Each structure stands twice: as structure tokens, then as C-alpha cells.
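# dropping the sequence and predicted coords here.
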Amino acid sequence: MLLSKKASLNPNDMIGCTPLHFASQSGFESIVSVLLAHKIDLEVTDKNQCTALYLAASNGFTKVVELLVEAKANLV
């Protein structure tokens, strides 16, 4: 519903996390896929300078890492 109303997909919370950060660090592959389909910013960092890719990798969610890499997330 929110996507059909053109809601922002890159809002940050108090520590700078976006929906992609939360989905990635939790291993929610289907949510990550939906967000990626809407061309969100993959390089947003939180207040600790962590990207969604870093959070997925550091939590061992290899499928989410694969999805982010396929979407051209920066590996550096």
C-alpha cells in the first residue's frame, strides 16, 4: 500500500537506518527483493557508517548479500 502511494523508501530512523538496513540485518530476503525492485539507494549508511550490505554480511545472511551484490551494492 505504501509503495502504491509513492512513500519514501529511504527514510532514516534516529540512528540512520532505512527499511533496507532493517531487512538486511534481519535476513528478510523477500523484503530486500521488494525494496531493490524499487531502485532504492543501496549506499545509505547509518550513524555507524554501516551499509545494508555490511549489516547482512556481518549477520551471516548470505542470500541477502547475494541480492545486494547483484543489485550493484558497493563492495568497498
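Structure received. The shown structure was predicted, so the numbers you read here are calculated from the model rather than taken from an experiment.

# what's around residue 65, how many residues?
Per other CB atoms under 10 Å, the neighbour tally for residue 65 reads 21. All C-beta atoms are positioned from the backbone trio N, CA, C, and that covers glycine.

# what residues sit buried inside whatever helix or strand it lives in?
Assigned by DSSP states H and E, residue 65 belongs to helix 62-70. Of the residues in helix 62-70, 64, 65, 67, 68 count as buried by neighbour count, 16 or more other CB atoms under 10 Å.

# count the neighbours of the nearest residue to the third one once chain neighbours are set aside for me.
For residue 67, ignoring the flanking residues on the chain, the nearest one in space by CB to CB, 6 or more residues apart in numbering is residue 32 at 5.3 Å. Look at residue 32: counted by other CB under 10 Å, it has 26 neighbours.

# and after the strand or helix carrying residue 32, which helix or strand comes next?
Using DSSP H and E, residue 32 maps to helix 29-37. Following helix 29-37 in sequence order, the next helix or strand is helix 52-58 (DSSP H and E).
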